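Peer 1: predicted model, plus sequence, below.
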There are 2 protein chains.
Amino acid sequence: MQRNSNISMAVIRRLPKYFRYLSDLSEKGVNRISSKELSQITGFTASQIRQDLNNFGGFGQQGYGYNVSGLRDAIASIIGLDKRYRVVIAGAGNMGSAIANYTGFHSSGFEVLALFDTQEELVGKEVGGKPIRDIRELGTFIDDHRVEIIVISTPKHAAQGIADIAVSRGVKGIWNYAPVDIRVPEDVVVENVHLNESLFTLSYLMKEKENI
Amino acid sequence: MQRNSNISMAVIRRLPKYFRYLSDLSEKGVNRISSKELSQITGFTASQIRQDLNNFGGFGQQGYGYNVSGLRDAIASIIGLDKRYRVVIAGAGNMGSAIANYTGFHSSGFEVLALFDTQEELVGKEVGGKPIRDIRELGTFIDDHRVEIIVISTPKHAAQGIADIAVSRGVKGIWNYAPVDIRVPEDVVVENVHLNESLFTLSYLMKEKENI
DNA sequence: TAGATTGTTAATCGATTAACAATC
DNA sequence: TAGATTGTTAATCGATTAACAATC
């Protein structure tokens, strides 16, 4: 992945975690937290937490700590959760359907407009209240609705072709569930969800534990 | 996560990638590859590839490179893909069903025996040919079938309780889709799939690209 | 004010990359 | 043998942790 900023991927991948922990704390009614307390909750060191946050600004106050909801909102804004994104899903199989049905994404600002599939018998049906359309309509649909993100949950052989169409129509983000590396121009971001790799890592770690 | 070996997580998470690239190459009929060529395919440096592999043994041959299928099989064995695992899925919602329906896991040695849910109207049905059972039967089922891995695709409030039951019956691996940190004894491995965090990372990276 | 805790610089640690002798 | 490429040691780079002055 090409990066253009000085924020490291390690820090970036902790941001959603901070957001989650702070959201949980806020829901519990906690108003204030120190980096030391947050360290106990998250397992990150207090030092790392302060370093991470100070990449984006001075959100704390000496002698006091951080305001929980204030920090949560600041991180939400850094992540871009105050925006709305228009999303389509390519591949209306099991995984595509599960994503379409998941309401949590909608409440975070990700609006699924439609799914697309090659299978004739799926076209015209609905998943999670969203229509399944013919994959051949993908390009014009992206144009018409100014779609920003495409989820690729197709078989792997179809993934690059779908990505090429989407990118040519202006999609800027790809959430890729297919077990392939998708090649895109450098102004497009690909985030991979490789479930096989995750499961294999579990297998390795279990094997390692056994052998001790 | 607690680690007991000297292999770093960075290396471990690359193993499934090596396996995937080598499998693809083998399917294409490629017999032999050098670390330099593999570097071009994977994007890792040749030096890193050699370092990574030499954590586990000397699989190459000077002047020649690596035998593709031999290396693939060696890595499969390191990951533990030559084993079979008995798996159950807790939570037969969209994500649980998608996992149950995914045949790729079965062919890698992960055998889903059953799903479990609290919802009365789901119990007795099937998903991907696997029965959905009452969550109250989870403990005895794990005992009876010597289940090794549990997939947790329940709402987050239920995750820790399910994990506790599973661990008390001897489950050694948890593949966790719930957006919480699950606490387990140190002989149990938890591998998290936090889709929200992945999507939020995509959002951040898109926002970052925009602002350049 | 005194105590607490941040923001930030400096030190350490670990991972990646480079270099090269070994060897097929 | 000569050429190629590994395995492995050494150098570099980057991320994490420690320390502490600033300040609320």
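Peer 2: Thanks, I have it. Because the structure is a prediction, the values reported are computed rather than measured. Residues are numbered from 1 along each chain as shown, chains lettered A, B, ... in the order given.

Peer 1: ok and the residue in chain A nearest DNA strand D?
Peer 2: A:Gly63 (2.5 Å; C-beta to the nearest atom of the strand). All C-beta atoms are positioned from the backbone trio N, CA, C, and that covers glycine.

Peer 1: show me the shaky parts of chain A.
Peer 2: In the predicted model, chain A carries pLDDT under 70 at residues A:1-4, A:212.

Peer 1: in which helix or strand would I find the residue of chain A closest to DNA strand D?
Peer 2: A:Gly63 belongs to no helix or strand when assigned by DSSP states H and E.

Peer 1: next: the one 3 residues further on.
Peer 2: Taking DSSP H and E as the criterion, A:Tyr66 maps to strand A:66-67.

Peer 1: do that strand and DNA strand C meet?
Peer 2: Yes. If you take C-beta under 7 Å from any atom of the strand as the test, strand A:66-67 does meet DNA strand C, through A:Tyr66.

Peer 1: CA atoms only for the next helix-or-strand element following that strand - export them in PDB, please.
Peer 2: For strand A:66-67, the following helix or strand on the C-terminal side (DSSP H and E) is helix A:68-79. Extracted C-alpha coordinates of helix A:68-79, given in PDB (Å, rounded to 0.1, in the frame of the first residue of the first chain):
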ATOM      1  CA  VAL A  68     -14.200  10.900  26.800                       C
ATOM      2  CA  SER A  69     -16.900  12.000  24.500                       C
ATOM      3  CA  GLY A  70     -14.800  14.900  23.200                       C
ATOM      4  CA  LEU A  71     -12.000  12.600  22.300                       C
ATOM      5  CA  ARG A  72     -14.300  10.000  20.800                       C
ATOM      6  CA  ASP A  73     -15.800  12.700  18.500                       C
ATOM      7  CA  ALA A  74     -12.400  14.000  17.600                       C
ATOM      8  CA  ILE A  75     -11.300  10.600  16.600                       C
ATOM      9  CA  ALA A  76     -14.500  10.000  14.700                       C
ATOM     10  CA  SER A  77     -13.800  13.100  12.700                       C
ATOM     11  CA  ILE A  78     -10.200  12.000  12.100                       C
ATOM     12  CA  ILE A  79     -11.400   8.700  10.800                       C
END
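
Peer 1: the next helix or strand after helix A:68-79 - contacts with which helices or strands?
Peer 2: Using DSSP H and E, the helix or strand that follows helix A:68-79 in sequence is strand A:85-90. Counting contacts by 3 or more C-beta pairs under 8 Å, 6 or more residues apart in numbering or on different chains; DSSP states H and E, strand A:85-90 is packed against helix A:94-101, strand A:110-117, helix A:138-145, strand A:149-152, helix A:156-168.

Peer 1: what sits up against the first one?
Peer 2: Right, the one you point to is helix A:94-101. With contacts defined as C-beta atoms under 8 Å, 6 or more residues apart in numbering or on different chains, helix A:94-101 is touched by A:89-90, A:92, A:105, A:112, A:115, A:117, A:127-128, A:130, A:151, A:153-154, A:177, B:94-95, B:97-98, B:101-102.

Peer 1: right, is the helix or strand where A:Met206 lies up against chain B?
Peer 2: Using DSSP H and E, A:Met206 sits in helix A:195-210. Yes. Among the residues of helix A:195-210, A:195-210 lie within reach of chain B under C-beta under 8 Å from any C-beta of the partner chain.

Peer 1: can you add distance to DNA strand C and give the helices and strands packed on strand A:85-90 back as TSV?
Peer 2: Listed next are these as TSV, based on distance: least, C-beta to the nearest atom of the strand, whole Å:
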stretch	distance to DNA strand C
helix A:94-101	28
strand A:110-117	30
helix A:138-145	35
strand A:149-152	26
helix A:156-168	25
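
Peer 1: that older thread, now list the buried members of the residues of helix A:195-210 next to chain B.
Peer 2: Among the residues of helix A:195-210 next to chain B, those classed as buried by neighbour count (16 or more other C-beta atoms under 10 Å in any protein chain shown) are A:195-209.

Peer 1: for those residues, which one is nearest B:Gly29?
Peer 2: Among these, A:Asn196 lies closest to B:Gly29 (C-beta to C-beta), at 22.2 Å.

Peer 1: so what's the closest one up against?
Peer 2: Counting by C-beta under 8 Å, 6+ apart, A:Asn196 makes contact with A:179, B:16, B:20, B:104-105, B:108.

Peer 1: including neighbour count, could the residues you listed go into a markdown table?
Peer 2: Shown next, in a markdown table, are the contacts of A:Asn196 (neighbours: other C-beta atoms under 10 Å in any protein chain shown):
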| residue | neighbour count |
| --- | --- |
| A:Pro179 | 20 |
| B:Pro16 | 22 |
| B:Arg20 | 21 |
| B:Gly104 | 11 |
| B:Phe105 | 20 |
| B:Ser108 | 20 |
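
Peer 1: moving C-terminal of whichever helix in chain A runs longest, what's the next helix or strand?
Peer 2: Determined from DSSP state H, the single longest helix within chain A is helix A:9-27. As assigned by DSSP H and E, the chain's next helix or strand after helix A:9-27 is strand A:32-33.

Peer 1: picking up where we left off before, among the residues of helix A:195-210 next to chain B, which two are most distant?
Peer 2: Using C-beta to C-beta, the pair of the residues of helix A:195-210 next to chain B lying farthest apart is A:Leu195 and A:Glu210, separated by 22.9 Å.
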